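# I'd like to go over a predicted model; first the sequence, then the structure.
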Amino acid sequence: AQSVSQHNHHVILSEAASLELGCNYSYGGTVNLFWYVQYPGQHLQLLLKYFSGDPLVKGIKGFEAEFIKSKFSFNLRKPSVQWSDTAEYFCAVTPNYGGATNKLIFGTGTLLAVQP
Amino acid sequence: ETGVTQTPRHLVMGMTNKKSLKCEQHLGHNAMYWYKQSAKKPLELMFVYNFKEQTENNSVPSRFSPECPNSSHLFLHLHTLQPEDSALYLCASSQEIAYEQYFGPGTRLTVT
């Protein structure tokens, strides 16, 4: 079965530290890739997405992610985190093989706590 | 109002009650989704509707019954639920299947 793995369940960083959150998926075909963020008390929001083209995608709030097809990975990065980045981050994948039955498969999430 | 809205935001119900969750999207999207979010588990897709037609039922028990009267509205009818059904129920919509999804704030359901 298709799956998405986020290996870091809980990350604690100090402000200005660099961030990298891992995401690996198991589907071998063409995929659409997403990172969503859920700030405390708020709903899930799209951070960035990859459909095709440049494998390095930039999202909101200084986040970026790199799609490495050979590694089935889509890691999220930010050079310098802020206290306001404290949130839960979810990686998600949609196998893109056309038709009306594609579905978004989520990882278990990574809880990031940034200490001031 | 913009985005995806859900009502109620909180719901407490007994195991013999019947209740409904409502979702409305103001984005002109064609696909709508129900998800279940439980602690320490990945988001679980429950149902997918595309142009008002159900295209996915992810082995959801029949005590959950979805309804999609039009592309803007989605309901989840609940009856004879179990305590383990307590969770955050999220609605989402997307322009087309496989495109990015926009989520509502969720309904926090507690079954007593």
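Perfect, I can see it now. All values reported here derive from a predicted model rather than from experimental measurement. Residues are numbered from 1 along each chain as shown, chains lettered A, B, ... in the order given.
# CA only for contacts and neighbour counts going forward, please
Noted.
# What's opposite B:Ser65 in the beta bridge?
Beta bridges link B:Ser65 to B:His77, judged by DSSP bridges.
# For the lowest-mean-pLDDT helix or strand in chain B, C-alpha coordinates in PDB please.
Using mean pLDDT, DSSP states H and E, strand B:53-57 stands out as the lowest-scoring helix or strand of chain B, at a mean of 83. Included here for strand B:53-57 are C-alpha records, laid out as PDB according to Å, rounded to 0.1, in the frame of the first residue of the first chain:
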ATOM      1  CA  GLU B  53     -20.600  12.000  -7.100                       C
ATOM      2  CA  GLN B  54     -18.900   9.800  -4.400                       C
ATOM      3  CA  THR B  55     -15.700   8.400  -5.900                       C
ATOM      4  CA  GLU B  56     -14.100   7.100  -2.700                       C
ATOM      5  CA  ASN B  57     -15.300   5.300   0.400                       C
END
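# packing partners for it?
Helices and strands touching strand B:53-57, by 3 or more Cα pairs under 8 Å, 6 or more residues apart in numbering or on different chains; DSSP states H and E, are strand B:44-50.
# which secondary element of chain A has the worst mean pLDDT?
Within chain A, confidence by mean pLDDT, DSSP H and E is lowest for strand A:105-106 among all helices and strands, at a mean of 88.
# now it: how far from the chain's centre is it?
11 Å (Cα atoms, centre = their mean, to the nearest Å).
# any residues touching that strand, and which ones?
With Cα atoms under 8 Å, 6 or more residues apart in numbering or on different chains as the test, strand A:105-106 has contacts from A:2-4, A:90-94, B:42-45.
# check contacts around B:Ala87.
Applying Cα under 8 Å, 6+ apart, we find B:Ala87 in contact with B:36-39, B:108-110.
# Next to chain A, which bits of chain B? Give me the list.
B:40-45, B:50, B:55-56, B:97-106 (Cα under 8 Å from any Cα of the partner chain).
# Pick out the residue of chain A closest to chain B.
A:Thr108 (4.2 Å; Cα to the nearest Cα).
# Need the three-state assignment for that residue.
Of the three states, A:Thr108 takes coil under DSSP: H, G, I helix; E, B strand; the rest coil.
# That one: neighbouring residues, count only.
Neighbours of A:Thr108 under the rule other Cα atoms under 10 Å in any protein chain shown: 22.
# Just the pLDDT at it, thanks.
Per-residue confidence (pLDDT) for A:Thr108: 91.
# returning to what we had before: from the contacts of strand A:105-106, which land in strands?
Among the contacts of strand A:105-106, the ones falling in strands (DSSP state E) are A:4, A:90-94, B:44-45.
# for these, which one is nearest A:Leu33?
Comparing those against A:Leu33 with Cα to Cα picks out A:Val93 as the nearest, at 4.7 Å.
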